[in-house]
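>>> sequence and predicted structure are below.
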Amino acid sequence: MAVIRDLNKDKMDVVEGSYAVAHSVKVCKPNVISAYPITPQTHIVEDLSQFIADGEIPNCEYINVESEFSALSALVGSSAVGARCYSATTSQGLELMHEVLFNVSGMRLPIVMTIANRAVSAPINIWNDQQDSISQRDTGWIQLYAEDLQEASDMHAQAYKIAEDKDVMLPVMACMDGFILSHVYEPLVLLEQDLVDEYLPPYEPEYKLDPKNPMTFGSFADPECYTEFRYLQQKAMDNALGKVEEAANDFYKTFGRYYGGLIDEYETEDAEIILMAMGSVIGTIKETIDKLRAKGVKVGLLKVRAFRPFPVEAIRNAIKNAKVVVAIDKNISLGLNEGALFTETKASLYNTSIDVPVIGRMIGHGGRDIPLSTIEKIIDDAVNVMKSGISVESQYADLKEELL
């Protein structure tokens, strides 16, 4: 099922992306919100603080903390006693949380956190790429990536539904490109409280800290049992594959909007070339595809919405009939010289009967603009691969040689 937007114009508001996310969190009725400001996520928690001050989020504690490490640490205790929890961060703030990210997942705490994706220093840069969240891919958090503001808004209700499912119980990063989505003003439909109440049940954890029923969270694990903890986390990630799809389908039934579950496809039915990407660059790619298809170029798009858990089978099925696949990344694995989506897509095809060349292109680092011409160049490279079979596997598509 392709993207479906049932947008009643009479219900649309023009708001900033951060406000839309804050509103979505509000109607999910969190019990604890922790906040530490860092650009470009600050407006989200500012708006939430105003909602609480105005009495619009009942039974919610707002905690100002001294660092991002503390922001997530405060939620560990709050979630462990059964509270629905939320925070937001970006870039260096997310990296400062690194140790606690493992604790949250290992303790199976279903915290939802918005990541307003931003480049990581040094050199200092406040603009968008996806290096920050991709750097945390092995911490045990589910990672979802939004294409546009309406999806970023709607994603948060789905994130709580996935995280709190008793077969999952893992935290979720709802990732949206910083500034490009967090600070843009667009018309969208804000989540309605009555429909969210219908879609998202109250959080009732099976296990929580309670003096009347003592138990231990995050206890010591010696070599005799540590492996099994990790195994069970992976099983929960496996379960999440189906739950991400289920949450997206249930959201469609309730709200009439669908963005894909694990993935979504655009013009792939007869595509010889398939571009793969995550986040707001999807819009630019779709526009380029429309332009080139009018000229007879058979190119399509595979939007990867869930990077963790990585949707191996869904990707295999989507690209198996292509002649060339291009994985487009706004991140880099230094020392390997390729992006994470490229690396993992190649790995997903290992030891299968699918014989399609996969090439990688890295773009948009540090917020560098991504015009249609950049995507057209990437597609030209793919056409050359299709004709000659020769290509550099992974490279920057927008490198300025004069600056080297």
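Arrived safely, thanks for sending.
>>> every contact and neighbour count from this point should use C-alpha atoms.
Will do.
>>> which helices and strands does the top helix by length along the chain pack with?
For the chain, the longest helix by residue count, based on DSSP state H, is helix 226-255. With contacts taken as 3 or more Cα pairs under 8 Å, 6 or more residues apart in numbering; DSSP states H and E, helix 226-255 sits against helix 98-106, helix 149-163, helix 193-199, strand 257-258.
>>> which one of these lies nearest to Glu56?
helix 193-199 (11.4 Å; Cα to Cα).
>>> need the residues that contact that closest one.
27-28, 157, 250-251, 254-255 (Cα atoms under 8 Å, 6 or more residues apart in numbering).
>>> which pair in these spans the largest distance?
For the contacts of helix 193-199, the farthest-apart pair by Cα to Cα is Val27 and Asp250; their separation is 17.1 Å.
>>> what about those two, which has more around it?
Neighbours were tallied for Val27 and for Asp250 using other Cα atoms under 10 Å; the higher tally belongs to Val27 (21 against 17).
>>> report the contact partners of that one.
With Cα under 8 Å, 6+ apart, Val27 has these contacts: 57, 191-193, 196.
>>> among the residues you listed, name the buried ones.
Neighbour-count burial (16 or more other Cα atoms under 10 Å) applied to the contacts of Val27 gives 57, 191, 196.
>>> and Met113, its phi and psi?
As for Met113, its main-chain torsions (degrees, to the nearest 10) stand at phi -140, psi 130.
>>> surely it and Arg84 touch.
No: Met113 lies out of contact with Arg84 (Cα atoms under 8 Å); the separation is 11.4 Å.
>>> tell me the angle the longest helix of the chain makes with helix 149-163.
130 degrees (axes from the mean of the first three to the mean of the last three Cα atoms, to 10 degrees).
>>> those helices in the protein, which residues are they?
17-27, 42-53, 68-80, 91-96, 98-106, 131-134, 149-163, 193-199, 226-255, 281-293, 312-319, 340-348, 372-388.
>>> got a markdown table for these, with distance to Asp329 and mean pLDDT too?
Converted to a markdown table, the helices of the chain look like this (distance: least, Cα to Cα, whole Å; pLDDT from 0 to 100):
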| stretch | distance to Asp329 | mean pLDDT |
| --- | --- | --- |
| helix 17-27 | 23 | 98 |
| helix 42-53 | 26 | 98 |
| helix 68-80 | 26 | 98 |
| helix 91-96 | 17 | 98 |
| helix 98-106 | 22 | 98 |
| helix 131-134 | 9 | 98 |
| helix 149-163 | 19 | 98 |
| helix 193-199 | 33 | 98 |
| helix 226-255 | 22 | 98 |
| helix 281-293 | 10 | 98 |
| helix 312-319 | 16 | 98 |
| helix 340-348 | 6 | 97 |
| helix 372-388 | 12 | 93 |
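>>> just so I know, which of those helices lies nearest Asn213?
Across these, closest to Asn213 is helix 68-80 (Cα to Cα), at 13.2 Å.
>>> ok, and what's touching that closest one?
By Cα under 8 Å, 6+ apart, helix 68-80 touches 32-36, 64-65, 84-87, 89, 93-94, 96-97, 100-101, 103-104, 109-111, 208-209, 217.
>>> for the residue nearest to Leu144 when sequence neighbours are not counted, give its distance to Ser87.
With Cα to Cα, 6 or more residues apart in numbering as the criterion, Leu144 has its nearest non-adjacent residue at 4.6 Å, and that residue is Ala306. Counting by Cα to Cα, to the nearest Å, the separation of Ala306 from Ser87 is 20 Å.
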